[in-house]
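Asker: After the sequence you'll find the predicted model.
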Amino acid sequence: QVQLVESGGGSVQAGGSLRLSCAASGRTFSSYGMGWFRQAPGKERDLVAAISRGGGSTYYANSVKGRFTISRDNAKNAVYLQMNSLKPEDTAVYYCAAAAQRITVVTAQYDYWGQGTQVTVSS
C-alpha cells in the first residue's frame, strides 16, 4: 500500500508556472506507475500525465502536451508535475495517483490517490 500527499498548488496568472509535488510513503514506490489527474468543478477527473515505474516512459494529454512535464525521483519517493504557460482552463484540483501497472492511462487501474491540491489560473 502507498499513501500519497500532494503539494505545490496555488494561484497564478495566465502564462505563469507551478510545480506540483507528490510525496509517497512506503518502500515500494518504484514498483508503481504514477499519474497526475485533474478535476474541474462539474467535470470528470481526467488524466493529465503518466510516468512509468523507472521514469523512462511518459504520457501527456493533448491539452497539456508541450507545457507540462512529469518526472519522478524514486530515491526520494516523489513524483512531480512542472506546469508552464498555464491557462485559465488548467484551473482544477490536481491529484496524484499510483497504479500497479508499469504505466497506464486507464483511470480505473489507479489504486491509490492523494487528497488533491488546488490550482487556480486567472486571466
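Answerer: Arrived safely, thanks for sending.
Asker: ok, Glu6 - how many residues close by?
Answerer: 22 (other CB atoms under 10 Å). C-beta: built from backbone N, CA, C; applies to glycine.
Asker: I'd guessed it sits against Ala24; true?
Answerer: No: assessed by CB atoms under 8 Å, Glu6 is found out of contact with Ala24, at 10.4 Å.
Asker: Just the pLDDT for Arg27.
Answerer: For Arg27, the model assigns a pLDDT of 75.
Asker: tell me which element it is part of?
Answerer: Counting by DSSP states H and E, Arg27 is held by no secondary-structure element, helix or strand.
Asker: what's near enough to touch Arg19?
Answerer: Taking CB atoms under 8 Å, 6 or more residues apart in numbering as the contact definition, Arg19 lies against Gly8, Tyr80, Leu81, Gln82, Met83.
Asker: Any idea what it is bridged to?
Answerer: Judged by DSSP bridges, the bridge partners of Arg19 are Gln82.
Asker: ok, so what distance separates Gly56 from Gly33?
Answerer: Relative to Gly33, Gly56 is positioned 11 Å away (criterion: CB to CB, to the nearest Å).
Asker: the more surrounded of the two?
Answerer: Gly33 (23 against 9).
Asker: quick one: contacts for that one?
Answerer: Contacts of Gly33 were listed using CB under 8 Å, 6+ apart, and they are Ala50, Ile51, Ser52, Arg53, Ala98, Ala99, Ala100, Gln101, Arg102, Ile103, Thr104.
Asker: Could you report the neighbour count for the first one?
Answerer: Read it as Ala50. 25.
Asker: which element is it on?
Answerer: strand 46-51.
Asker: So which residues make contact with that strand?
Answerer: 33-39, 57-61, 63-64, 68-72, 79, 81, 94, 103-105, 107.
Asker: try 7 Å
Answerer: Under the criterion CB atoms under 7 Å, 6 or more residues apart in numbering, residues 33-38, 58-61, 64, 68, 70-72, 79, 81, 103-105, 107 lie in contact with strand 46-51.
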